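> next one to model:
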Amino acid sequence: MRHVFGFAIRARACESAHAAQNLPTLQNHPARPPARDDVFMAYLFFAASIQRHIATPEREVDARTLGEALEAVFADQPRLRGYILDDQNALRKHLAVFIDGQPVRDRERLSDPLDKASRVYVIQALTGG
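Numbering: from 1, shown residues only. Prediction:
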């Protein structure tokens, strides 16, 4: 079993299903090129549940904080702002955001730092019982 964002997945079952359908797996996902020293290129992923409402493809942005990365995305997709941020410009409660596999700490000011090649995942939070 492997744990990804709190979900336990059976690695063999998923990988064999992906191989049968010729889908990418974690092992054959293309590696990113090494980061340049003067550019911070964060890679943003938006979950399918968000993309149902607004098309938001994966993208690289030059940003040093989560706030800068999101602002770069909002410049291309202004409608996305209202889905991601509340009226105080804080992350909405129904979203979970991870930077390099770790949950965001500053949901209000979005000041979490990004490394030169950070991966940012924006997903819909699971609630209920």
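> where do the strands of the chain begin and end?
Taking DSSP state E, the strands of the chain run over residues 2-4, 7-9, 41-46, 59-62, 95-99, 102-103, 119-124.
> check the ones you listed for me and report the most buried one.
Ranked by average neighbour count under the criterion mean count of other C-beta atoms under 10 Å, the strands of the chain are headed by strand 41-46 at a mean of 20. The C-beta positions use only the backbone N, C-alpha and C, and glycine is treated the same way.
> now do the contacts for the residue lying closest to residue 80 once chain neighbours are set aside.
Counting by C-beta to C-beta, 6 or more residues apart in numbering, residue 80 lies nearest to residue 54, which is 5.0 Å off, once chain neighbours are set aside. Residues in contact with residue 54, defined by C-beta atoms under 8 Å, 6 or more residues apart in numbering, are 77, 79-80, 83.
> where do the helices sit along this protein?
Counting by DSSP state H, the chain has helices at residues 11-21, 48-51, 66-76, 80-84.
> ranking the ones you listed by mean pLDDT, which is last?
Lowest mean pLDDT within these: helix 11-21, at a mean of 46.
> any chance of the strands of the chain in CSV, with distance to residue 88 too?
Converted to CSV, these look like this (distance: least, C-beta to C-beta, whole Å):
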stretch, distance to residue 88
strand 2-4, 30
strand 7-9, 30
strand 41-46, 22
strand 59-62, 23
strand 95-99, 14
strand 102-103, 19
strand 119-124, 18
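> thanks a lot, see you next time.
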